[in-house]
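Undergrad: Need a 3D model of the following:
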Amino acid sequence: MQFIEWFRYGGEFMRFVLLTDIAACAVIIVVLSNYNKNKPNLASIIVILISFAPLFVGMLGYLIDSSMAKTAVASLDPLEKEEFFEVFMELAKYPLRFGGISSIIIFIIGMFGLVFIKKRNEKSMESDT
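TA: This next block holds a predicted model:
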């Protein structure tokens, strides 16, 4: 249950990554439901770009959390600084990991949906002729 631990310790940006996951899935569903046979590349480009939105939000969370970690560690005792910095940086990586994994999953689902719709449209065009 690594994902639950990441979500628990990942901070506020985990919620933004999850919200971006939901929004990306909704946009992909809308794009695939309004698939235009005349412009199949446009649907592919939109699916690819939208599927990596959670990764970018995770990167933003990593950058903000890592800068907060550097600020928090600056006032510590030099003997404890390295240990705390490693722990804070490990926690800062959780939104990045969660965003990356969810982006890959959304990308795969979007590509399967795109292939399915293309094949369905090809079969319907063959049956019309």
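Undergrad: could you give the mean pLDDT of the longest helix along the chain?
TA: Among the elements of type helix in the chain, defined by DSSP state H, the one spanning the most residues is helix 78-128. Along helix 78-128, the predicted local confidence has a mean pLDDT of 86.
Undergrad: What's the end-to-end length of stretch 34-47?
TA: Taking C-alpha to C-alpha, to the nearest Å, the first and last residues of stretch 34-47 lie 12 Å apart.
Undergrad: what separates it from the chain centre, distance-wise?
TA: Its chain's average C-alpha position is 21 Å from that of stretch 34-47, according to C-alpha atoms, centre = their mean, to the nearest Å.
Undergrad: How about stretch 53-60?
TA: Relative to its parent chain, stretch 53-60 has a centroid offset of 6 Å by C-alpha atoms, centre = their mean.
Undergrad: With stretch 63-81 instead?
TA: Distance, centroid of stretch 63-81 to centroid of chain: 27 Å (C-alpha atoms, centre = their mean).
Undergrad: With stretch 35-54 instead?
TA: 16 Å.
Undergrad: Next: stretch 54-69.
TA: On the basis of C-alpha atoms, centre = their mean, stretch 54-69 is displaced by 12 Å from the centre of the chain it belongs to.
Undergrad: Could you do stretch 23-42 as well?
TA: The chain centroid and the centroid of stretch 23-42 are separated by 18 Å, computed with C-alpha atoms, centre = their mean.
Undergrad: Likewise for stretch 89-101?
TA: Distance of stretch 89-101 from the chain centroid (C-alpha atoms, centre = their mean) equals 11 Å.
Undergrad: Which positions in that stretch come out as buried?
TA: Across stretch 89-101, burial judged by 16 or more other C-beta atoms under 10 Å covers 91-101. Any C-beta I mention is one placed from the backbone N, CA and C, and that applies to glycine too.
Undergrad: And stretch 21-32, by the same measure?
TA: Buried residues in stretch 21-32 (16+ other C-beta under 10 Å): 21, 24-25, 27-28, 31-32.
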